[in-house]
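**Student:** Attaching a predicted model along with its sequence, questions to come.
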There are 2 protein chains.
Amino acid sequence: MKKIQIYDTSLRDGTQSEDISLTNDDKLKIAHKLDELGIDFIEGGWPGSNPVDMAFFDDMKRTTLKHAKIAAFGSTHHPGFTAENDPNLRNLLSSGADVCTIFGKTWDIHATEALRIPLEQNLKIIHDSVAFLRSMGSDVVFDAEHFFDGFKTNREYALAAITAAHEAGAQTLTLCDTNGGTLPHEVTQIVQAVAKALPEARIGIHAHNDCELAVANSLAAVRAGATHIQGTINGIGERCGNANLCSIIPTLELKFDNEYTTLGRDKLALLTSTSAFVTDVANIMPFDRQPFVGRSAFAHKGGVHASAVNRNSALYEHIDPEIVGNRQRVLLTELAGRANIVNMAKKFGFHLDKDEPVVKGLLNELKKRSSMGYDYAAAEASVELLLLKKLGRRGVREFFTLKQFRVLELKEAQDKDPISEASVIVEVEGITEHTAATGRGPVNSLDNALRKALCNFYPRLSEMKLLDFKVRVMTAESPEGGGTASFVRVLVESGDHLSRWVTVGVSYNIIEASWQAVADSITYKLYKDEHEQRAQLEK
Amino acid sequence: MKKIQIYDTSLRDGTQSEDISLTNDDKLKIAHKLDELGIDFIEGGWPGSNPVDMAFFDDMKRTTLKHAKIAAFGSTHHPGFTAENDPNLRNLLSSGADVCTIFGKTWDIHATEALRIPLEQNLKIIHDSVAFLRSMGSDVVFDAEHFFDGFKTNREYALAAITAAHEAGAQTLTLCDTNGGTLPHEVTQIVQAVAKALPEARIGIHAHNDCELAVANSLAAVRAGATHIQGTINGIGERCGNANLCSIIPTLELKFDNEYTTLGRDKLALLTSTSAFVTDVANIMPFDRQPFVGRSAFAHKGGVHASAVNRNSALYEHIDPEIVGNRQRVLLTELAGRANIVNMAKKFGFHLDKDEPVVKGLLNELKKRSSMGYDYAAAEASVELLLLKKLGRRGVREFFTLKQFRVLELKEAQDKDPISEASVIVEVEGITEHTAATGRGPVNSLDNALRKALCNFYPRLSEMKLLDFKVRVMTAESPEGGGTASFVRVLVESGDHLSRWVTVGVSYNIIEASWQAVADSITYKLYKDEHEQRAQLEK
């Protein structure tokens, strides 16, 4: 099997998506997830272009990854500097990345019109930049910007440009379809021509999706000899996005009779969760129709299909969805599910039988609440609480009962921030507490008032911190209009010194949705503490 | 130029999308839009499968289209009937459609496992069904279901099945990749084999997007001899959708050196509006990264690209966006430069010089606010307002001044939804309005109270709708802790019958952030209306 390198640029080219902006913390989380998936190269950013990118490389210096190599992105040296004194190349080297990826001009008019330098000088810049990085001990990927358009306009010059990089020692020559306008049969012809001209070189492909052909172009390049693919998770990226690794990886692994391998087939089961993770961290809308990993990718609606799928799913599915970590959904007549619940209970330490009535009851409850927008895939702590309540197991009691809350926002002038104040009435073991607190916004005030009310009863609540708070507006699923009357889902991540957990709340009212998630989160902490104490005593 | 027939099945296969369900009225509206675009065939539904589909064909009998032919979809006759007495075929004929499209089994195991009949009988069913429809004077398209999988398993049988349809008189043999698992190079080989076996036949392609290859597979089929393409607007359809006509049509028209024609190049300018129309009528979220017609398809975010785009947009765009009715957007980000500002001002009708002090001032302001989390790449209307205020141009006045708002949330029991109430004091032209309103949550209540206060002064506000509402919590960027005290960014998308615009607000308080975005959105509507009125008067 031929190994095809997978080079992920979600953290660099992916963040050129107009709706994506990642913090350094987001980038670190995604990098670890990509490493788990088995990605070969993770392009972390353009060091020196902005402080977030530089912070990422600094943090990565202190991190050990299982498999992935970190790549830093930049350009060939500025015409006003030599390679040796170019600040951009210096930044690449000091980033500490395993690989430096630099792009250079290979389309003649880009050298003359964008860089405004003679064609010969551009070739020297490419050569010198690569040679300098190699002389400093770095591995180099050369990204041949606009290679396909360049090749079509001036074949000799485009080849001369990548030859300059090759002769200077670049390990990989990535042919970039920067504008995304190239067709698969053109990619085939051009990659074949490059492979013939530079038989020793490792050829890469970097495709954009402007004609909805980025996946096809990447596959065409591989069939013509490329062994390195650049792309992003979910195809995020500028304009129409980059080549979608979530489609390319399983297609190469599963559809070519073992001719190629990428991450290895056993890693494919992580694809769907990796895709969802990136969508979540970037806080963008998932694309349900996304191939392989989308929510609808294996959903059957047609009556004809649905019944045939039940008999033999290969009749209407091109692959088994579980291979990529996804699942079949037969809409309207959903039959699957009980096995899911049994699996989930097992994960939490309970051994249930598929035919116990509680399984059916919980399934119905989960279905009903999922259709309302409760995202139980993300909020396992909320599922666990629901499961425990249904099972009636010990330790799952009402730790507190809400009698009333009130939240007030008062803004007294156009240029003044509003004042937030919340009051809470709760009952704990027959005792009523009535507290009030201010805070940074309505949810924070409510959270503060609730903790104030509970801390006398449950002092260990002070160990618990709310770590993350995510809000998603679900316009399309809203039963009554959209806009400011939309349904809202709140995910709250909490943690103490021992663990982290995520809970969910859903309502058209963001305060109510936040309340549900915060209340679940506190209940979970209290349940968890009791459970741990009991486990201690039983020892 | 070779004419390629475009066969749209948005109204039939497209409605198999799990999030799409169309009324008869929706379908009629879309059919007229498709006819205007110049689509050759509009598949309206499966008459007899449900009442909505039958009503559509009845209405179409009374309608004259400019160009398109209407197709009715169904299957070959049931094994329990003859073609002549099959109710399904009778329904097709009585639909009054110009063309009957029937699908038949061409993968051997589908005949034996799904239909449960001998292979020979299936061939006779195909022949008799087509021959009967032809004998009744109807044109026939034969959809060869699962053709590619069938061909790979049993080449002779797959060819025998389409040969039966061809010999019975079907005008078009559409090869269907029903499960969407076929690769472009396989499509090439198989279509070439069919073209060789049946040189007289018109070959069609019907691709699904399960490997993100439906567009590539359709193009591969055309290059191998197909002259009929089935697909949908925006690629809607079951699972991962059908082949996306919005990508296929411009690619065939623009990218093959005049080798092919579809609707004719002059119709392409309607593509973006047709795509938006279908999204709107189907009431689904648009996919911003969609090639050619998406909102982001020609959006430039990177600083390097943005400045080069200003000089020569062909450097970073594979086609002129206006050819397909779309437009270029240069986004403002923290990386933005003065060139971006000049470009944006130009779009709004102001000619600025890069060196004017106002450009530098605005850039600094935008940078400062971007670092606080204002996402100006997404919220162009907020940038426009800021630009206009800085420029001090006419029409940008305070349409209203907020004196006070108050929002109250009251939850009276654990299982009761909270009550939301807001009051607003605003001043307009020296007159103070004090209003109160309830709503579905705090932001909706505030929005309702504000509109109540302003509608007497500005009645055209009733045309404006809030279309989308997005919330992002920016944990890591928050200056004081995370969790429920995090910074929050709210994006509000609004629209009227003429246009859509997005505004932004940022605060640690979600109510304040929402207020900013809603207030900007209303100001933008009022400014826009005044501007349009003045433009009318000046004519």
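**Tutor:** Thanks, I have the structure now.

**Student:** in the stretch 151-300 of chain A, which spans are strands?
**Tutor:** A:172-177, A:202-207, A:228-231, A:260-261, A:299-300 (DSSP state E, counting those that start in this stretch).

**Student:** Let me have those strands in CSV, extended by mean pLDDT and distance to chain B.
**Tutor:** Heads up, the C-betas are built off the backbone N, CA and C, glycines and all. Shown next, in CSV, are the strands of the stretch 151-300 of chain A (pLDDT from 0 to 100; distance: least, CB to the nearest CB, whole Å):
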stretch, mean pLDDT, distance to chain B
strand A:172-177, 98, 9
strand A:202-207, 98, 11
strand A:228-231, 98, 11
strand A:260-261, 98, 12
strand A:299-300, 82, 5
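
**Student:** could you dump the ones you listed to TSV with mean neighbour count and distance to B:Gly14?
**Tutor:** Output for the strands of the stretch 151-300 of chain A, formatted as TSV (neighbours: other CB atoms under 10 Å in any protein chain shown; distance: least, CB to CB, whole Å):
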stretch	mean neighbour count	distance to B:Gly14
strand A:172-177	27	29
strand A:202-207	26	27
strand A:228-231	28	28
strand A:260-261	16	34
strand A:299-300	25	15
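
**Student:** Quick check: which of these is nearest to A:Glu365?
**Tutor:** When the strands of the stretch 151-300 of chain A are compared by CB to CB, strand A:299-300 sits nearest A:Glu365, at 21.5 Å.

**Student:** helices or strands up against that closest one?
**Tutor:** Strand A:299-300 is packed against strand A:329-330, with contacts defined by 3 or more CB pairs under 8 Å, 6 or more residues apart in numbering or on different chains; DSSP states H and E.

**Student:** Just the pLDDT for A:Asn179.
**Tutor:** For A:Asn179, the model assigns a pLDDT of 95.

**Student:** Check the spacing between it and A:Phe350 real quick.
**Tutor:** 55 Å (CB to CB, to the nearest Å).

**Student:** Same drill for these two, tell me which one is more crowded.
**Tutor:** Under the criterion of other CB atoms under 10 Å in any protein chain shown, the comparison of A:Asn179 against A:Phe350 puts A:Asn179 first, with 21 against 15.

**Student:** ok, and what's touching the strand or helix carrying A:Val490?
**Tutor:** Using DSSP states H and E, A:Val490 sits in strand A:488-495. If you take CB atoms under 8 Å, 6 or more residues apart in numbering or on different chains as the criterion, strand A:488-495 is touched by A:373-375, A:378-379, A:464-474, A:500-510, A:513-514, A:516-518, A:520-521, A:524-525, B:441, B:471, B:483-484.

**Student:** That strand: how far from the chain's middle?
**Tutor:** 17 Å (CA atoms, centre = their mean, to the nearest Å).

**Student:** So in that sheet, which strands flank that strand, and in what orientation?
**Tutor:** The pairing partners recorded for strand A:488-495 under DSSP bridges are strand A:465-473 (antiparallel), strand A:500-507 (antiparallel).

**Student:** could you redo those as CSV and give each row distance to B:Phe256?
**Tutor:** Shown next, in CSV, are these (distance: least, CB to CB, whole Å):
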stretch, distance to B:Phe256
strand A:465-473, 42
strand A:500-507, 49
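
**Student:** Any idea which of those has the lowest pLDDT on average?
**Tutor:** Minimum mean pLDDT among the strands paired with strand A:488-495: strand A:465-473, a mean of 78.

**Student:** Buried residues, that one. List them.
**Tutor:** A:466-473 (16 or more other CB atoms under 10 Å in any protein chain shown).

**Student:** Specify the next element, helix or strand, located C-terminal of the one helix or strand A:Leu363 maps to.
**Tutor:** Assigned by DSSP H and E, A:Leu363 belongs to helix A:357-371. Counting by DSSP H and E, the next helix or strand C-terminal to helix A:357-371 is helix A:380-391.

**Student:** Give the other helices and strands that that following helix contacts.
**Tutor:** Helix A:380-391 packs on helix A:338-347, helix A:357-371, strand A:500-507, helix A:510-538, going by 3+ CB pairs under 8 Å, 6+ apart.

**Student:** now with 6 Å?
**Tutor:** If contacts are counted by 3 or more CB pairs under 6 Å, 6 or more residues apart in numbering or on different chains; DSSP states H and E, helix A:380-391 sits against strand A:500-507.

**Student:** And the contacts of the strand it packs on?
**Tutor:** A:372-375, A:378-379, A:381-382, A:489-494, A:513, A:516-517, A:520-521, A:524 (CB atoms under 6 Å, 6 or more residues apart in numbering or on different chains).

**Student:** just stretch A:523-539 next, same as before
**Tutor:** Contacts for stretch A:523-539 (CB under 6 Å, 6+ apart): A:381, A:395, A:399, A:458, A:460, A:464, A:501.

**Student:** model confidence over it, on average?
**Tutor:** According to the model, stretch A:523-539 has a mean pLDDT of 85.

**Student:** For that stretch, buried residues please.
**Tutor:** A:523-531.

**Student:** same deal with stretch A:197-217?
**Tutor:** So for stretch A:197-217, counting by 16+ other CB under 10 Å, buried means A:198, A:201-217.

**Student:** Ends of it, what's the gap?
**Tutor:** End-to-end span of stretch A:197-217 (CA to CA, to the nearest Å): 20 Å.

**Student:** which one is the most centrally placed residue in chain A nearest to, not counting chain neighbours?
**Tutor:** Chain A has A:Val278 as the residue nearest its centroid, 0.9 Å off, counting by CA atoms, centre = their mean. Among residues not flanking A:Val278 along the chain, A:Ile233 sits closest, at 4.5 Å (CB to CB, 6 or more residues apart in numbering or on different chains).

**Student:** still on that earlier bit, what's the closest of the strands of the stretch 151-300 of chain A to B:Leu254?
**Tutor:** Within these, the stretch nearest B:Leu254 is strand A:172-177; the backing value is 15.8 Å (CB to CB).

**Student:** packing partners for that closest one?
**Tutor:** So strand A:172-177, by 3+ CB pairs under 6 Å, 6+ apart, packs with strand A:139-145, helix A:147-153, helix A:155-167, strand A:202-207.

**Student:** Any residue of stretch A:240-254 touching chain B?
**Tutor:** Yes - interface with chain B: stretch A:240-254 contributes A:240-241, A:247, A:251 (CB under 6 Å from any CB of the partner chain).

**Student:** now, which of those sits nearest A:Thr188?
**Tutor:** Nearest to A:Thr188 among these: A:Thr251, at 16.3 Å, using CB to CB.

**Student:** quick one: contacts for that closest one?
**Tutor:** B:Cys211.

**Student:** Repeat the analysis, applying 7 Å as the threshold.
**Tutor:** A:219, B:211 (CB atoms under 7 Å, 6 or more residues apart in numbering or on different chains).

**Student:** Could you tell me the per-residue confidence at it?
**Tutor:** Per-residue confidence at A:Thr251 stands at 98 (pLDDT).

**Student:** for A:Tyr7, same thing?
**Tutor:** Predicted confidence (pLDDT) for A:Tyr7: 98.

**Student:** Just the pLDDT at A:Leu362, thanks.
**Tutor:** Predicted confidence (pLDDT) for A:Leu362: 79.

**Student:** again but with A:Asp25, I slipped
**Tutor:** Looking at A:Asp25, the pLDDT reads 87.

**Student:** in what helix or strand does it lie?
**Tutor:** helix A:24-37.
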